[in-house]
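Participant: give me a 3D structure for the following:
(chains A and B)
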Protein chains: 2
Amino acid sequence: MPPLRNDRLLRALRREAVDRTPVWIMRQAGRYLPEYRATRARAGSFLNLMRSPELATEVTLQPLARFDLDAAILFSDILTIPDALGLGLHFVEGEGPRFERPVRSAADIDALRLPDVERALPYVFDTVRMLRRELAGRVPLIGFSGSPWTLACYMVEGGGSDDFRLIKSLAYTDPAALHRLLALLAEAVGDYLEAQAAAGAQALMLFDTWGGVLSTAAYREFSLAYQARVVARLAASAAARELPLIAFTKGGGQWLPEQAGIGAAALGVDWTQELGAVRAATGGRVALQGNLDPIALFAPPQRIRAEVARVLDSYGRGPGHVFNLGHGVLQQTDPEHVRVLVDAVHELSAAYHV
Amino acid sequence: MPPLRNDRLLRALRREAVDRTPVWIMRQAGRYLPEYRATRARAGSFLNLMRSPELATEVTLQPLARFDLDAAILFSDILTIPDALGLGLHFVEGEGPRFERPVRSAADIDALRLPDVERALPYVFDTVRMLRRELAGRVPLIGFSGSPWTLACYMVEGGGSDDFRLIKSLAYTDPAALHRLLALLAEAVGDYLEAQAAAGAQALMLFDTWGGVLSTAAYREFSLAYQARVVARLAASAAARELPLIAFTKGGGQWLPEQAGIGAAALGVDWTQELGAVRAATGGRVALQGNLDPIALFAPPQRIRAEVARVLDSYGRGPGHVFNLGHGVLQQTDPEHVRVLVDAVHELSAAYHV
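Facilitator: Numbering: from 1, shown residues only, chains lettered A, B, ... in the order given. Alright, predicted model coming up:
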């Protein structure tokens, strides 16, 4: 493999000195880009797109052809593992993911068997290998997975939810069964991220999209404990132990000081938090990734630059910051505004690294 | 008016000694009760129900006939003020509220005129008067309004939203226009709560349902500042200045210490926070209301009691706690489980007030 020519992301995740704050954008390969929509139309369906290494590679690289981004992130879905577990992933137009066979009872949970991720999801690792070849050291490639709690939410609810009534009811009525499900998922997520590392991923991200719907006690018990288990599993893996991992609980700002103790290199921060306050509260134990409100990209260019300056200033001087949005870029976003953001981060951040 | 025979709620909101922690339940008059569904069916529509003082009084009193609750809360909708502003409120089955004429531009905003709430919403104040007669001093009656920010969200989005793209875009592109809208709404909300007080409400609540979708800077500018304006307006009102007000920003746990400074008697706390930590962080300046996860009511009775004990213990000894859920009771809830909760609060809380 050719050497990595832009290592800002990896250095920032390790809290080493950089010349500029690295920047990438959650969902940077996505529907806001016309070239993505064209590839998606050619694929015929989201699942076809995600399962084709050629097409998934193509869309992963599209934002890098437009913008001066400091990282690529594997194009995939967070529900590959439940699909490998046989739940029957499909997408309902305008309604998001659905499972044909959700997991609703202890019996459903006990019927699940740990999947062989390499055999069940070969297209993911083929995409990672193809991306490393195509990137040729330009920027690092981030691999990712949903967190055990977040995967369990989708598996029990059968799709998205407003209130997470079914899985939270399970947590109250049969916590032991839910713990068995989460333990299985932690193993599968560990295997999955390790296999992405072995295939060439250079950093990893764990998306705990739904941890924020829990009480503090339930977050510790059902989400954080299993994030920690995944991190520990990767720390013991020859393929993955050198890779920095970013853990991100959306809506989990109040728990960042605790989350800083699970062994992740970095924590994702959503836009409801002040980065400077989070940096102080986590005591320099982790790098921080975030945290501009995705809606700021609907502002005029001058205002986007001012918001970028505000986020950089909130984090302050020195290493350990990866610029990103606080959640994924919205499909209605003007791509030219993403360019304004990326360029502003590079231009305005130099002053924080002298 | 007969004297108030149960003043636990009012005493707790003023942080005075009580014999038991008072308890009421957000949305305690609602679809989880079969008698509510029967009245709703008789009314023909939610709007008919809300606009009939007789029927709104009937459903307000239904949970008090079943459970040993320490307060009644006016049955109404948080969108009465936008309706009075002429936006055309209607309800789409299974999709929640919609406005026929949403407010999308500075011109739309500048065309709005402060409504005369007494003339535009007579049924609300008639219901308050009827409820005071029917309650006859049994428990206090809580009046309420949506916060200016939350009303503005519905008015600009035209209904609910996943991302609040339209109103947050307006905040970035024309903040002055949004401030004009919020200023008008703060006046209207002040008038509305004052008129509820004059009609007989004995405590007030301000529901900032959507404040939690903002960044810290935007929360201060667009939500908290206008909550403070409403509180100041009521403090200067002969009819309302003696009434304790509960301000509740769902998803706003990180801002509770700041929110404690707006002059509200009490703050609502959602279930993602630990009450004990919030009590410490707000330094006894306010009473706290909350904060059991509504999904805990899907647990078996013994577990509900354990969760009640956990919340009481987290708040700790002494006055200033109003027990409630962290958000509204879900329609799928078993009413008998609500009884378990209410009785457990009274039984288990005595030990915290000796």
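
Participant: buried sites along the helix or strand of chain A with the lowest mean pLDDT?
Facilitator: Ranking every helix and strand in chain A by mean pLDDT, DSSP states H and E puts strand A:89-92 at the bottom, with a mean of 89. Across strand A:89-92, burial judged by 16 or more other CB atoms under 10 Å in any protein chain shown covers A:89, A:91. For the C-beta atoms, the positions are set from N, CA and C on the backbone; glycine is no exception.

Participant: what about that strand, near chain B?
Facilitator: No - taking CB under 8 Å from any CB of the partner chain as the criterion, strand A:89-92 and chain B are apart, separated by no less than 15.6 Å.

Participant: next one: that strand to chain centre, how far?
Facilitator: Remark: strand A:89-92 is offset 20 Å from the chain centroid, using CA atoms, centre = their mean, to the nearest Å.

Participant: please save the CA atoms from it in CSV.
Facilitator: What follows is strand A:89-92, C-alpha atoms only, in CSV (Å, rounded to 0.1, in the frame of the first residue of the first chain):
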residue,chain,number,x,y,z
LEU,A,89,-33.5,-5.9,6.1
HIS,A,90,-35.6,-3.9,3.5
PHE,A,91,-36.3,-0.3,2.9
VAL,A,92,-39.7,1.3,2.7
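
Participant: for it, packing partners?
Facilitator: Where contact means 3 or more CB pairs under 8 Å, 6 or more residues apart in numbering or on different chains; DSSP states H and E, strand A:89-92 is packed against helix A:46-51, strand A:96-99.

Participant: parallel or antiparallel, which strands does it pair with?
Facilitator: Sheet pairing for strand A:89-92, assigned by DSSP bridges, gives strand A:96-99 (antiparallel).

Participant: give the buried residues for the strand it pairs with.
Facilitator: In strand A:96-99, counting by 16+ other CB under 10 Å, buried: A:97, A:98, A:99.

Participant: wait, the second one sits on residue A:155?
Facilitator: Translated: residue A:98. No - Residue A:98 is beyond contact range of residue A:155, at 11.4 Å (criterion: CB atoms under 8 Å).

Participant: how close does the closest residue to chain B within the stretch 251-354 of chain A sit to residue B:170?
Facilitator: Relative to chain B, the nearest point of the stretch 251-354 of chain A is residue A:299 (3.5 Å; CB to the nearest CB). Distance, residue A:299 to residue B:170, using CB to CB, to the nearest Å: 10 Å.

Participant: and residue A:325, by the same measure?
Facilitator: 19 Å.

Participant: so for those two, which sits in the more crowded spot?
Facilitator: Higher neighbour count among residue A:325 and residue B:170: residue A:325, with 29 against 24, using other CB atoms under 10 Å in any protein chain shown.

Participant: what residues are up against that one?
Facilitator: A:25, A:26, A:271, A:290, A:291, A:292, A:293, A:294, A:297 (CB atoms under 8 Å, 6 or more residues apart in numbering or on different chains).

Participant: report how many residues lie close to the closest residue to the residue of the stretch 251-354 of chain A closest to chain B other than its chain neighbours.
Facilitator: Spatial nearest neighbour of residue A:299, excluding adjacent residues (CB to CB, 6 or more residues apart in numbering or on different chains): residue B:172 at 3.5 Å. Residue B:172: 20 surrounding residues under other CB under 10 Å.

Participant: please report phi then psi for residue B:172.
Facilitator: Backbone torsions of residue B:172, given as degrees, to the nearest 10, read phi -90, psi -30.

Participant: one more: residue A:245?
Facilitator: Dihedral angles for residue A:245 - degrees, to the nearest 10 - are phi -120, psi 130.

Participant: got a list of what it touches?
Facilitator: Per CB under 8 Å, 6+ apart, neighbours of residue A:245: A:193, A:203, A:204, A:205, A:206, A:231, A:234, A:264, A:265, A:266.

Participant: over to residue A:33?
Facilitator: Shown in contact with residue A:33 (CB under 8 Å, 6+ apart): A:62, A:63, A:66, A:335.

Participant: and if we set it to 10 Å?
Facilitator: Going by CB atoms under 10 Å, 6 or more residues apart in numbering or on different chains, residue A:33 touches A:39, A:40, A:59, A:62, A:63, A:65, A:66, A:329, A:331, A:333, A:335, A:338.

Participant: now a PyMOL select for only the buried ones of those residues.
Facilitator: The buried residues among the contacts of residue A:33 can be selected in PyMOL (16+ other CB under 10 Å) with this line:
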select buried, chain A and resi 39+40+59+62+63+329+333+335+338
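
Participant: perfect, I'm done here.
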